[in-house]
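S.K.: Test case, fold it:
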Amino acid sequence: MKRILVSLAGVGLLAYGGTVAFLLHYDHVTATELLPASPTHKDPVALAAFNALNEARCDYCHATGRDLPFYFRLPVANTIMERDRDQGLRHFRMEPVLHAFDADFSHLRQFQVIL
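M.R.: All right, here's what the predicted structure looks like:
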């Protein structure tokens with residue numbers, strides 16, 4: 001009996017680890033990418049902010065028109081994620097932020113105040 005319980009626990013841990021590894025690898029396939037000419041590539045602070053938002057995949061719940069992960073269509077996950085997504089869209093919209101990462105605001109540098 002003890003051997004069966006240990007085996008089931010091992011299989012459960014293996015399944016959990018495999019799922020996490022799969023999600024970490026394939027969940028970022030649909031992540032937002034910067035345009036090659038984006039000025040964000042030249043600004044380390046903006047690039048770090050973009051990478052943090054991209055790694056966390058904030059766009060799932062805070063932007064429309066995104067490719068949602070496969071697990072969004074699973075029965076239990078769909079209910080939870082749909083509610084979270086509705087709340088996320090209601091509280092913060094991320095589309096302007098993503099657009100700003102690709103926009104060229106160099107013409108605004110003349111207004112920058114040096115302290």
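S.K.: give me the low-pLDDT residue ranges for the chain?
M.R.: For the chain, applying pLDDT under 70 flags the ranges 105-115.
S.K.: let's see 80
M.R.: Low-confidence segments of the chain (pLDDT under 80): 23-30, 104-115.
S.K.: Off-centre distance for the longest helix along the chain?
M.R.: Longest helix in the chain by number of residues (criterion: DSSP state H): helix 2-26. Remark: helix 2-26 is offset 24 Å from the chain centroid, using CA atoms, centre = their mean, to the nearest Å.
S.K.: With stretch 43-63 instead?
M.R.: Relative to the centre of its chain, stretch 43-63 is centred 7 Å away, using CA atoms, centre = their mean.
S.K.: swap in stretch 76-91?
M.R.: How far stretch 76-91 lies from its chain's middle: 14 Å, per CA atoms, centre = their mean.
S.K.: can you list the domain ranges for the chain.
M.R.: Domain segmentation of the chain under automatic domain parsing yields 1-30, 33-105.
S.K.: Which other helices and strands does the longest helix of the chain contact?
M.R.: Contacting helix 2-26 under the criterion 3 or more CB pairs under 8 Å, 6 or more residues apart in numbering; DSSP states H and E is no other helix or strand. The way it works is simple: take the backbone N, C-alpha and C, and place the C-beta from them, glycine included.
S.K.: Most tightly packed of the domains of the chain?
M.R.: The highest mean neighbour count among the domains of the chain, using mean count of other CB atoms under 10 Å, belongs to domain 33-105: a mean of 13.
S.K.: Now Thr30: closest residue in space that isn't a chain neighbour?
M.R.: Take Thr30 and drop its neighbours on the chain: the residue closest to it by CB to CB, 6 or more residues apart in numbering is Asp67, 4.0 Å away.
S.K.: and that neighbour, which of the three is it?
M.R.: With DSSP: H, G, I helix; E, B strand; the rest coil as the basis, Asp67 sits in coil.
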